[in-house]
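1. Kindly generate the corresponding structure for this input.
(2 chains)
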Amino acid sequence: MIKFIAKRLGSGLVVLFVVSALTFILLYTSSGSIAQNILGDQATPEQVAMKEQELGLDQPLATRYFAWLGDALSGNLGTSWFTSEPVANSLATRIPVTMTMVFSAMILIAICAALIGVAAAVKRGWVDRAVQVGAIIGDSIPGYVIGVFLVTILAIQLGLFPATSTISPEVGPEAWVYSMTLPVIALLINGVTGGAQQIRSAVIKQLERDYVRTLRSRGIGEREILFKHVLRSAAPAGLTVLSLQLIGMLGGVVIIEQIFALPGMGPLAVTATGQSDLPVVMGVVMYTVVVVIVVNLLVDILNGWLNPKVRVS
Amino acid sequence: MKLGPKAAAAALVLSASLALTACGGGGAGAGSNAGGGKTVTALTLGTLRDITSWDPAQAHVGHALQPYQAAYDSLILREPDGKLSPMLATAWKYNTTNTKLTVDLRKDVTFSDGAKFDATAAKANLDHFKKANGPQMAQLGSVSDIAVVDEDTIDINLSAPEPALEYFLSQAAGLMGSPAALGTDAIKTVPVGSGPYVMDKAASVKDSQTVFTAREGYWNKDLQKYKKLTLKILTDPTARTNALVSGQIDATLLDPKNGKQAEGAKMKLETNQVDWSGLLLLDRDGTKNPALANVKVRQAINYAFDRKTILDQVMLGQGTPTSQPFGKESGAWTEELENYYSYDPAKAKQLLKDSGFEGKVTLDVPTLPGAETLISVMQQQLADVGITLKPGAAITNTFTADVAAQKYQALFFNLFQGEPTVAIDQIVSTKALYNPFKNTTPELEAKIQAVRTGGDEAGKLAQEVNKYVVEQAWFAPLFRVNQMYYHNDKVNVTPQVQQAVPSIYNYSPAK
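-> Modelled structure (predicted):
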């Protein structure tokens, strides 16, 4: 298992390096005159030249990349060109907001999707049909539409939750929870309906397998078959779906954070990209790649633990 | 805010249970601070973006100035109607050649770090602004040096007359920070000024909210109307609307579409026209598009637009049709130019015929994000007179550099209508970004020069520049856009001339 994890980690680091180099090249060769953007439309050519020198943009691309890489390896991701804030600080204050929201949604998705999916697979009949109809409806409504709906009803009309974030050091955890509730619900609805559908299919597929028939013929109870054998075999499919949902959620969370004015990674990514704040964009890309690598690694490890054949392959 | 594992777990459990039971209370917003019939002590404003640096030399103009006004005083105060009044400067006077401005300063002002404001501090700030390479560095471009005359007097010496200098001293260039903090890294994240409020760093979250508290012993209590000021950063207009109607903020800037929702929630509206929208016909010498060199073609474009209909249909009537690019409060505005190009498709067709470019005019314009509908309406109206408008790729973050590099022969844009020389240096003079092909004539140069040396008459003299560019159809303005500033009934708001959002001094608790 250790060799398996080491191999996965190694390939993850290679991916990280390649993505960083490619992103750096693409960003720094296609962003036009960043100095002009920073200084605005009143800036003279002399001012622009001075700013380019200040930012090191007069250096060759390779020199800049290896300087960035060297700093990044020591934990220094540079400084924002527009806010003068160290990129690592920006990420450190924003990642907890985004990841708390994403992981809260994922845990709820996992629990709800498993319960609903298994219920649909086992009960079939109207429960199954309801789940499938729900999956279609849930999949067809984008998270941001759900978000706007929730804000309108629960925040503005009923006043149960704040319409936008109240996350700040001056408010207690209660206000923080209130701020997170609607965004988490907006994020999880698509995930629950999609996840339940996948888990339903995986469980039905397992229930139709020969080993289940054999277990039943030995007189083993349905509950034991389901929880001890079927769910273990169906889990890899569910885990893969969940990991894909988590990765997809990193995109969806951008819009949700905008709607709810949450100071997470989404607004940072949008602002930095719009301004061509390249040190910040690089930081956001690296964060995203690391999350994707870690999630895939965890799923691989879990799948390997559930199914030893995966480790061999 | 960082959460420990236990707190995160508790938050998760709580959020799940709240979600399932749909119970709980509303967030603590401006309303709860201010409500209940108690004295209003807090003001919460929804702003469009966080500032980039608290270094006053990195400040911007107009509505982008608002956060800086909380922490910094400026030398000159700009009243809501644009009149310039004393602030840290008690009086100022030009010499006879308009090349030296002598400024008298207050003696009773200190900065938040305890340093005293005096002539040396003022000089340090102006010198810092001149070399800090901020976005408005050009404001002091004509300043050759600053001389300390005595403890409370400075001379600002100019290499050439600058009619907008007093205006600039009410904007970014006039902001005064503590000399000890200028140029340090610390001032980039925490302001150190003499202003009515001091930043509460612990309660502030970058790109989310900036919290200020009233400064003890501030020299002018009339400008310090609240005990607490929060600037809540809400980039998304829907989020701003939601925050306003749910009582989380007291005031914010919205657009016509979201404004309807705010009006439904009985929010009050203050309108103010700051920008003009329209086509900039940039290639007036025909370098890339020979048709644009012909004034009749440019005039035909102007006659092709039914401005009132476009405004009503696309902007829900929020604005005023116009044919001139200079603003109403600039002094350069004249009534006769307001409807200089009335909707006349027959005349447009005739002009095209006379120009020899009939059926041969094609305008390539980039697509301004959010203006897709407007551009397609313009496309239709131009097509009606035989001109082809081809919308190109969306404007990107390289836009400014692309304009400077003469990438666009024409352009649809919204532009600020500022003071005469500011507007001239933005869209007319050969150093203006929005005159990338450097078009000019001796006649126009003479008119511009007259404005620059015109002193108090600059606005009136700029009417000639305005008339010239309108007659020569350098632009095809469509309308001045209403900036729609909404607020609740807990606050009185006075709009500020030439600013989308009011200055920080223009808010007061409603009685």
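2. Where does the residue of the stretch 101-250 of chain A found nearest chain B sit: helix, strand or coil?
-> In the stretch 101-250 of chain A, the residue that lies nearest chain B is A:Pro162 (2.8 Å; Cβ to the nearest Cβ). Every C-beta, even on glycine, is put in place using the N, C-alpha and C of the backbone. With DSSP: H, G, I helix; E, B strand; the rest coil as the basis, A:Pro162 sits in coil.
3. What of B:Lys288?
-> Relying on three-state DSSP, one would call B:Lys288 coil.
4. Low-confidence regions, the chain specifically.
-> Going with chain A. Judged by pLDDT under 70, chain A has its weakly predicted residues at A:31-32, A:168-171, A:307-313.
5. look at chain B instead
-> Scanning chain B for pLDDT under 70 picks out B:1-40.
6. try it again with 50
-> Residues of chain B meeting the criterion pLDDT under 50: B:1-38.
7. Mind checking which residue lies nearest the centre of it?
-> B:Gly62 (3.8 Å; Cα atoms, centre = their mean).
8. what sits against it?
-> B:Gln171, B:Val274, B:Phe416, B:Gly418, B:Gln498, B:Gln499, B:Ala500 (Cβ atoms under 8 Å, 6 or more residues apart in numbering or on different chains).
9. List phi and psi for the first one.
-> In this entry, B:Gln171 is assigned phi and psi values of phi -110, psi -140 (degrees, to the nearest 10).
10. mind listing the helices in the stretch 151-300 of chain A by residue range?
-> Listed in chain order, the helices of the stretch 151-300 of chain A (DSSP state H, counting those that start in this stretch) span A:173-207, A:210-217, A:222-224, A:231-259, A:265-275, A:278-306.
11. Equivalent analysis for the stretch 351-500 of chain B, please.
-> B:372-384, B:399-404, B:420-423, B:442-452, B:458-471.
12. Enumerate residues external to the second one that contact any of its residues.
-> Contacts with helix B:399-404, where a contact means Cβ under 8 Å, 6+ apart, come from A:32-33, A:36-37, A:40-41, B:282, B:366, B:396, B:408, B:411, B:433-434, B:436.
13. Just the buried residues out of those residues, in PyMOL syntax.
-> Typed into PyMOL, the line below selects the buried ones among the contacts of helix B:399-404, using 16 or more other Cβ atoms under 10 Å in any protein chain shown:
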select buried, (chain A and resi 32+33+36+37+40+41) or (chain B and resi 282+366+408+411+433+434+436)
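14. now, which of the contacts of helix B:399-404 sits nearest B:Pro196?
-> Proximity of the contacts of helix B:399-404 to B:Pro196 (Cβ to Cβ) peaks at A:Gly40, which lies at 26.9 Å.
15. How many neighbouring residues does residue 201 have?
-> Just so you know, I chose chain A. Neighbourhood size, A:Ser201 [other Cβ atoms under 10 Å in any protein chain shown]: 17.
16. look at chain B instead
-> Using other Cβ under 10 Å: B:Lys201 sits among 12 other residues.
17. same thing with B:Gly359?
-> B:Gly359: 9 surrounding residues under other Cβ under 10 Å.
18. tell me the phi and psi of the nearest residue to it once chain neighbours are set aside?
-> Nearest in space to B:Gly359, with sequence neighbours left out and distances taken as Cβ to Cβ, 6 or more residues apart in numbering or on different chains, is B:Gly386 at 5.5 Å. Main-chain torsions, B:Gly386, degrees, to the nearest 10: phi 100, psi 20.
19. Closest residue of the stretch 251-400 of chain B to chain A?
-> For the stretch 251-400 of chain B, Cβ to the nearest Cβ, closest residue to chain A: B:Thr398, 2.7 Å.
20. Give me the phi and psi angles of that residue.
-> phi -100, psi 10.
21. Assign B:Leu182 to one of the three secondary structure states.
-> Recorded secondary structure, B:Leu182: coil (three-state DSSP).
22. before we move on, what about B:Ala91?
-> strand.
23. which residues does the closest residue to it other than its chain neighbours contact?
-> Spatial nearest neighbour of B:Ala91, excluding adjacent residues (Cβ to Cβ, 6+ apart): B:Asp104 at 4.6 Å. Contacts of B:Asp104 were listed using Cβ under 8 Å, 6+ apart, and they are B:Ala89, B:Thr90, B:Ala91, B:Trp92, B:Asp152, B:Thr153.
24. next one: the strand or helix carrying B:Asp104 to chain centre, how far?
-> For B:Asp104, the enclosing helix or strand under DSSP states H and E is strand B:100-105. Computed by Cα atoms, centre = their mean, to the nearest Å, the separation of strand B:100-105 from the middle of its chain amounts to 27 Å.
25. Please apply the same query to stretch B:105-119.
-> That offset, for stretch B:105-119, works out to 29 Å (Cα atoms, centre = their mean).
26. residues from the stretch 101-250 of chain A in reach of chain B?
-> Within the stretch 101-250 of chain A, the residues that sit near chain B (Cβ under 8 Å from any Cβ of the partner chain) are A:103-104, A:107-108, A:148, A:151, A:154-156, A:159-171, A:173-181, A:184-185.
27. Buried among those? Need that as a selection in PyMOL.
-> Buried residues within those, by 16+ other Cβ under 10 Å, are selected in PyMOL with:
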select buried, chain A and resi 104+108+151+154+155+156+160+161+162+163+164+165+166+167+168+170+171+174+175+176+177+178+179+180+181+184+185
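28. And the helix or strand hosting A:Leu16, what's buried?
-> Element membership for A:Leu16, per DSSP H and E: helix A:2-29. Within helix A:2-29, the residues that count as buried by 16+ other Cβ under 10 Å are A:Arg8, A:Gly12, A:Leu16, A:Val19, A:Ser20, A:Thr23, A:Phe24, A:Leu27, A:Tyr28.
29. Understood, closing this out.
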